[in-house]
Every structure is written in C-alpha cells, then in structure tokens.
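[1] A structural model of the following input is requested.
(chains A and B)
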Amino acid sequence: GAVVSQHPSWVICKSGTSVKIECRSLDFQATTMFWYRQFPKQSLMLMATSNEGSKATYEQGVEKDKFLINHASLTLSTLTVTSAHPEDSSFYICSFPVGGLHNEQFFGPGTRLTVL
Amino acid sequence: GEDVEQSLFLSVREGDSSVINCTYTDSSSTYLYWYKQEPGAGLQLLTYIFSNMDMKQDQRLTVLLNKKDKHLSLRIADTQTGDSAIYFCAETGSGTYKYIFGTGTRLKVLA
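    Here you go, the predicted model:
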C-alpha cells in the first residue's frame, strides 16, 4: 500500500513558538490530504482538508489562523501550529485518500506535539 | 451531528475470541471501517464493510453489521498478543472521504 511519512515524529517546543509538521506521500500523488488531531485516549478529529494549489478547508471550530496548512505539491502538505500553547499539545495525524471502491485513506504515523 | 461510540477497553486471554463493538448514528453511512493503531504507528486499515452487507469475513476477522440498530462489530478469532492495540471504527458516506471515527477501543491480550 501507499506510504505516508510525517516529520518530525515528535516535537517539544516553548509556548509562543511556531511548529511546522510535514506530511509526505512517498509513492502516491494526492490532490487532497487530511489533517487530524487526536487527544490522549480520544478519537481522531478531522481538523481540515488540504487541497493542492488552493486554500485548505477547515472544520467548524478549528482556527485557520492558528493552524496554517500549505499543500504545495502533490506529495507534500504542511501543518504549522502558530504561537503554540500548552492546549495545542496533541497527536497530529495526516492522511490522504487513495480512491478505490471503498474510500480508503492511508494514514501517516503521526506527530506528537508537546508545548511547554 | 454524526456520532460513533465504542467501549473504551477490552481485555482477553491469548487464544480467545475478541469482540469489539461500535454504534453509529448516521443512517446514510455507506462504508464502515475498522482500523488498528499500534503505539507510535499510523492507523492501519484492517477491514471494511459496505452498508448493504451484513457480514464480511477475512481470515481471523469477522465484521457484522446490523444496519437497523446501527451496530457494527469486529470479531478477532484466536486473539494473539500482537493484536494488542487500539481499534477504531469509522464511517463515511457516499461521495465523501470524510471519516467520522469512533472513540477507540483499547484491546489488551493477556498471555
């Protein structure tokens, strides 16, 4: 199956700094990617849909100025958490749809962000 | 809005069968999935079922769907220690890639 990588796998930063997370599809080109957030012992919540060459679509309640998404190419999408605060600490996961008959998505391994 | 619920924990002995349950509210669900998440790893698709099916079997995995009650279950036969992980059910509608995930069930397999 298609391979998705995320970088970094974990990051610790000080409150007020910005953090960029990269999501790459290694053997597949994707015009659409998804960004999820997972709180400890909770489900994955869709944050936004990243569209190559256009603006991302954010879910209700997700601040677009806080979570900047750039889908610069068919194999790379980035999520930047701006002016991070401790409540932004979470596990961020990207995915992209691979089509097929059952709407499958391939998921990245996730990035754990801890804001001190 | 749509909601997907699962029990949080399940503990079984190695060799026994595991049954993980999921309930959902969206009556227009088209595809229902079971994903496995191991520590530090991404979600791995285990199996899926189309909404017009009642059952699907894939080796040790059996998926049962009761569309009337909006209930989905995953049965793992001969559970092994390597099956210890968090299992998520998810659903999506026709023509969309938007997934609604369940809360996840942490399966612990005791040797």
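[2] list phi and psi for A:P86.
    Phi and psi for A:P86, reported as degrees, to the nearest 10, are phi -50, psi -30.
[3] contact partners for it?
    A:S15, A:V115, A:L116 (Cβ atoms under 8 Å, 6 or more residues apart in numbering or on different chains). The way it works is simple: take the backbone N, C-alpha and C, and place the C-beta from them, glycine included.
[4] could the residues you listed go into a markdown table alongside distance to B:F88?
    Shown next, in a markdown table, are those (distance: Cβ to Cβ, whole Å):
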| residue | distance to B:F88 |
| --- | --- |
| A:S15 | 31 |
| A:V115 | 25 |
| A:L116 | 29 |
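[5] most neighbours among those residues, please name it.
    Highest neighbour count within the contacts of A:P86: A:V115, with 20 neighbours (other Cβ atoms under 10 Å in any protein chain shown).
[6] which residue sits closest to that residue, ignoring its sequence neighbours?
    With Cβ to Cβ, 6 or more residues apart in numbering or on different chains as the criterion, A:V115 has its nearest non-adjacent residue at 4.5 Å, and that residue is A:A84.
[7] next up, the contacts around that neighbour.
    A:A84 neighbours (Cβ under 8 Å, 6+ apart): A:C13, A:S15, A:G16, A:T17, A:S18, A:V19, A:L113, A:V115.
[8] closest one to B:V63 out of those residues, please.
    In terms of Cβ to Cβ, no member of those lies closer to B:V63 than A:L113, at 33.7 Å.
[9] packing partners for whichever strand or helix holds the closest one?
    Taking DSSP states H and E as the criterion, A:L113 maps to strand A:111-115. If contacts are counted by 3 or more Cβ pairs under 8 Å, 6 or more residues apart in numbering or on different chains; DSSP states H and E, strand A:111-115 sits against strand A:10-13, strand A:19-25, strand A:90-99.
[10] still on that earlier bit, rebuild the contacts of A:A84 as CSV, extending it with pLDDT and distance to B:S29.
    Formatted as CSV, those follow (pLDDT from 0 to 100; distance: Cβ to Cβ, whole Å):
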residue, pLDDT, distance to B:S29
A:C13, 96, 38
A:S15, 97, 40
A:G16, 96, 42
A:T17, 97, 41
A:S18, 97, 38
A:V19, 97, 35
A:L113, 96, 31
A:V115, 96, 36
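[11] buried subset of those?
    Buried subset of those (neighbour count, 16 or more other Cβ atoms under 10 Å in any protein chain shown): A:C13, A:V19, A:L113, A:V115.
[12] and chain B, which residues reach chain A?
    Residues of chain B lying close to chain A (Cβ under 8 Å from any Cβ of the partner chain) are B:4, B:8, B:30-31, B:33, B:35, B:40-45, B:48, B:50, B:88, B:92, B:96-99, B:101-104, B:106.
[13] my guess is A:D65 contacts A:T80, does it?
    No - counting by Cβ atoms under 8 Å, A:D65 stays clear of A:T80, with 10.6 Å between them.
[14] which helix or strand contains the closest residue to B:M55 other than its chain neighbours?
    Excluding the flanking residues, the one nearest B:M55 by Cβ to Cβ, 6+ apart is B:L64, at 5.5 Å. Assigning secondary structure by DSSP H and E places B:L64 in strand B:61-66.
[15] fine by me, thanks again.
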